[in-house]
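Pasting the sequence and the predicted coordinates here, then a few questions.
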Amino acid sequence: MSAGETGGSQVKSAVRTVELLEFFAGRPGMHSLADVQTAVGYPKSSLYMLLRTLVDLGWVETDATGTRYGIGVRALLVGTSYIDGDEVVAAARPTLDRLSDDTTETIHLARLDGTNVVYLATRQSEHYLRPFTRVGRRLPAHSTSLGKALLATCTDDQVRKLLPERLDRLTEHTITDRERLIEELHQVRERGYAIDREENTLGLSCFGIAIPYRTPARDAISCSVPVARLTPAHEQLVKEALFDARDRLALATRHL
């Protein structure tokens, strides 16, 4: 085998390793070898050897029978390191704390990752009725206020290149047509913030605003409020608090 062939094989193995870890990251729980093979399409013998290597290194774990596989603890360590070392997350902490205090609602900081947004930081609501949330959660950009706030900082052509014509429906309120979404993004640009009214989760409204330290924006903050608690006065309070937080974050991240 030539040096070029060896290098190509090593690159292919690296790509497969990353794809395999992304498969487990996107599908929590344990999976049989057959299920994994069906999903990724690798030859069964090669897949088995790769899984065993990842198990030995701690990136993949097995159940008691050794026949089912899931993401390993090493992935958590890498994810934690990413959050701990992120300058935006560090700069945003005081503002997120204040926004949480001002609104008493659930607060998110998220980053655009392809067609999704990923939570980088959260502050839980002090109310008993509140949404489920966790750092690392990935949600479709088109159905969230965070995602729409970020997409609105892109041009229409950039949005068309990023998103398919038909978008996944999460609830009966989700916008599933790309051109209709683009029309809404025009409104987001005009008013300065995005709204998700039960488009991602029934019973929950969210308000999002992009952090303008780069263009197109990469990060955004949001406030999530159960519909049952969203009075006109509370909605106005949330919007004003978000604009104030956006201005403070613009100052905190101006050096990035």
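Cool, the structure landed.

Please count neighbours and contacts with C-alpha atoms only from this point.
Will do.

what sits against the nearest residue to Leu167 once chain neighbours are set aside?
Closest residue to Leu167 apart from its sequence neighbours, by CA to CA, 6 or more residues apart in numbering: Thr176 at 4.3 Å. Listed by CA atoms under 8 Å, 6 or more residues apart in numbering, the contact set of Thr176 reads Arg166, Leu167, Asp168, Arg169.

And the third one, how far from Asn116?
Asp168 is 12 Å from Asn116, where distance means CA to CA, to the nearest Å.

Likewise for the first one?
Arg166 sits 15 Å away from Asn116, taking CA to CA as the criterion.

Check the burial of Ile175 by counting its neighbours.
Using other CA atoms under 10 Å, Ile175 is surrounded by 21 other residues.

what helix or strand does the nearest residue to it once chain neighbours are set aside sit in?
When the adjacent residues along the chain are set aside, Ile175 lies closest to Leu181, with 6.3 Å between them (CA to CA, 6+ apart). Using DSSP states H and E, Leu181 sits in helix 178-191.

contacts for the helix or strand following that helix?
Moving toward the C-terminus from helix 178-191, the next helix or strand (DSSP H and E) is strand 194-197. Strand 194-197 is contacted from outside by 143-146, 148-149, 173, 185, 188, 204-209, using CA under 8 Å, 6+ apart.

try 10 Å
Contacts to strand 194-197, defined as CA atoms under 10 Å, 6 or more residues apart in numbering, come from residues 142-152, 173-175, 184-185, 187-188, 203-210, 222-227, 239.

are any of the residues you listed buried, and which?
142-152, 174-175, 184-185, 188, 204-210, 222-226, 239 (16 or more other CA atoms under 10 Å).

Which ones among these map onto strands?
Mapping these onto strands (DSSP state E) picks out Leu204, Ser205, Cys206, Phe207, Gly208, Ile209, Ala210, Ser222, Cys223, Ser224, Val225, Pro226.

residue contacts, the residue nearest to Leu204 when sequence neighbours are not counted?
Counting by CA to CA, 6+ apart, the nearest residue to Leu204 once its immediate chain neighbours are dropped is Pro226, at 4.4 Å. Neighbouring residues of Pro226 by CA under 10 Å, 6+ apart: 105-106, 129-131, 197-198, 201-206.

Just the pLDDT at Pro226, thanks.
Note on Pro226: pLDDT of 94.

just the one 10 residues further on next, same as before
Taken from the predicted model, the pLDDT recorded for Gln236 is 97.

can you check Lys44 too?
Reading off the model, Lys44 has pLDDT 89.

List the single closest residue to it in space, sequence neighbours excluded.
Nearest one to Lys44, counting by CA to CA, 6+ apart, is Gln37 at 6.4 Å.
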